[in-house]
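Trainee: sequence and predicted structure, then a few things I'm wondering about:
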Amino acid sequence: MSTRLSICLVAVLLAMTLAPASAAADESGGWSSITLPSLSLSNTKTVVLQGTKQPNGACRYQYVDEPRDIPAAGWARFTIAVDPSTCRKLLEEGTPTDQAAFRAAAGVQGPSAPTSSRRGAWQSVVFSDIVNLLLTSDTTQIYWTYNGSTVSNGTASGSCQPFLAWWTNDYCYVAGSYPPGSYLGNTWSKFHSGFCVGLPTTYIYQYYNKVWGHPDGTAAIAQSSDSIDECIILHNTVYSGYN
């Protein structure tokens, strides 16, 4: 195993710092590029995710997205580069420009026929390795009926999938509820893998993966996830959209 692939990360992220990509790249020569899905984005923003160096030399990271509206064409965020020497990850987010490629990358079906009073929305949180080999995913899907002032007939479903035999899904839960003025679907899960012999077990936690349906037919999303004791560099991708 190469030196880069044997780096052990503890991913529970503690802080997020916004910075232009050019400034981040100038601060250190330690960035390693990530192999990305074949997906182009518009209205992009670049974010530097700053972790904390631990006494054992590993890094601690956490991915937390506060509630935000889903754009009509969907939203996605990728890890585009990592610098484990300074515990940083370079993230890029934006609106997908190719809906077919977007849904294929996210692993969701195409949109159903729209109606004037019922809609679906979803969010998928995916962990991959540095060459974009899929490891785990957690997806929340909701459908709800809306009339401009209230919501009703909400349904929520969740899917938690390990993509490789040496990853195990320990639990996967889904719940639906009616907080004031919306319908909420939430999925939470845990995965683990001992595929790095002689190193600690790697854990991936999805603490919440929330999608809200609103009375006007729009939706919002939020999520919190982390990975602990990474023996290879993992990266987190978030996709969201309507159906």
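Mentor: Right, received. Where do you want to start?
Trainee: where does the protein dip in pLDDT?
Mentor: 1-29, 54-58, 109-115 (pLDDT under 70).
Trainee: and the helices in it?
Mentor: 21-27, 99-106 (DSSP state H).
Trainee: and stretch 84-98, what's buried?
Mentor: Using 16 or more other C-beta atoms under 10 Å as the test for burial, stretch 84-98 gives 84, 87, 88, 89, 90, 91, 92, 93, 94, 95, 96. For the C-beta atoms, the positions are set from N, CA and C on the backbone; glycine is no exception.
Trainee: now do that stretch: distance from first to last residue.
Mentor: The straight-line separation of the ends of stretch 84-98 (C-alpha to C-alpha, to the nearest Å) is 32 Å.
Trainee: give the contact list for residue 144.
Mentor: By C-beta atoms under 8 Å, 6 or more residues apart in numbering, residue 144 lies in contact with 118, 119, 151, 152, 153, 154, 155, 183, 213.
Trainee: next, count neighbours for the fourth one.
Mentor: One way to gauge burial is a neighbour count; for residue 152, by other C-beta atoms under 10 Å, it gives 13.
Trainee: residue contacts, it?
Mentor: Here residue 152 is in contact with 144, 145, 146, 183 (C-beta under 8 Å, 6+ apart).
Trainee: so of the buried residues of stretch 84-98, which ones are in strands?
Mentor: 88, 89, 90, 91, 92, 93, 94, 95, 96 (DSSP state E).
Trainee: who does the nearest residue to residue 187 once chain neighbours are set aside form a beta bridge with?
Mentor: The shortest distance from residue 187 to any residue other than its chain neighbours is 3.5 Å, reached at residue 158 (C-beta to C-beta, 6 or more residues apart in numbering). Beta-bridge pairing for residue 158 (DSSP bridges): residue 140.
Trainee: ok, now how distant is residue 210 from residue 46?
Mentor: 25 Å (C-beta to C-beta, to the nearest Å).
Trainee: how about a markdown table for the contacts of residue 152, with distance to residue 39 added?
Mentor: As requested, the contacts of residue 152 are exported to a markdown table (distance: C-beta to C-beta, whole Å):
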| residue | distance to residue 39 |
| --- | --- |
| 144 | 27 |
| 145 | 31 |
| 146 | 29 |
| 183 | 29 |
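Trainee: closest to residue 243 among those?
Mentor: residue 144 (12.1 Å; C-beta to C-beta).
Trainee: beta partners for that closest one?
Mentor: Beta bridges link residue 144 to residue 119, judged by DSSP bridges.
Trainee: burial measure for residue 149, as a count.
Mentor: Residue 149, neighbours per other C-beta under 10 Å, totals 8.
Trainee: ok, it - contacts?
Mentor: residue 215.
Trainee: quick one: residues contacting residue 126.
Mentor: With contact set as C-beta under 8 Å, 6+ apart, residue 126 has these partners: 106, 134, 136, 137, 236, 237, 238, 239.
Trainee: what's the answer for residue 150, then?
Mentor: residue 215 are the contacts of residue 150 under C-beta under 8 Å, 6+ apart.
Trainee: tell me the spacing between it and residue 203.
Mentor: 40 Å.
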